[in-house]
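> dropping the sequence and predicted coords here.
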Amino acid sequence: MFIFTVAILGAAIAPAMYFLGLQNTSASDAALLANGEIIIFSIIFALLIFKNERLQTIGYMSIILVIIGIIVVTTNLQFDKSSLSKVTYGDILIIGATILWAADNNRRKLLLNI
């Protein structure tokens, strides 16, 4: 069951979400949001799941900068009552795909350690 979830999430659902997201957002937004998978979500999941993962100060700074970039891309720095309306459907799909890929990366690491 564990291998099945890894395969379905990482190889089927996440790419489908990503390509649907690419059709509904700009290329520059998609490129920056895709960095979230490696830089933010994979690292955060690794820190939470594998307690032996450690980051230096530069690692934490890079996470903060990418989070700021994702906030800028998704909101255009317009934080009013309608700021959620500025987040596109494509942005949400790409962020969802990157979260699934990050979970997939960490599940594979768990699978290899079993």
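Sure thing, it's come through.

> longest helix anywhere in the chain?
Longest helix in the chain, counting residues (DSSP state H): helix 89-113.

> pLDDT at residue 20, what is it?
Model confidence at residue 20, given as pLDDT, is 94.

> check the secondary structure at it for me.
helix (DSSP: H, G, I helix; E, B strand; the rest coil).

> the chain should start at 717 in everything you say after this.
Got it, first residue is 717 now, which makes that one residue 736.

> doesn't residue 806 make contact with it?
Yes - with contact defined as CB atoms under 8 Å, residue 736 reaches residue 806; the gap is 7.5 Å. For the C-beta atoms, the positions are set from N, CA and C on the backbone; glycine is no exception.

> what's the longest helix of the chain packed up against?
helix 718-724, helix 730-739, helix 743-751, helix 759-765, helix 773-791 (3 or more CB pairs under 8 Å, 6 or more residues apart in numbering; DSSP states H and E).
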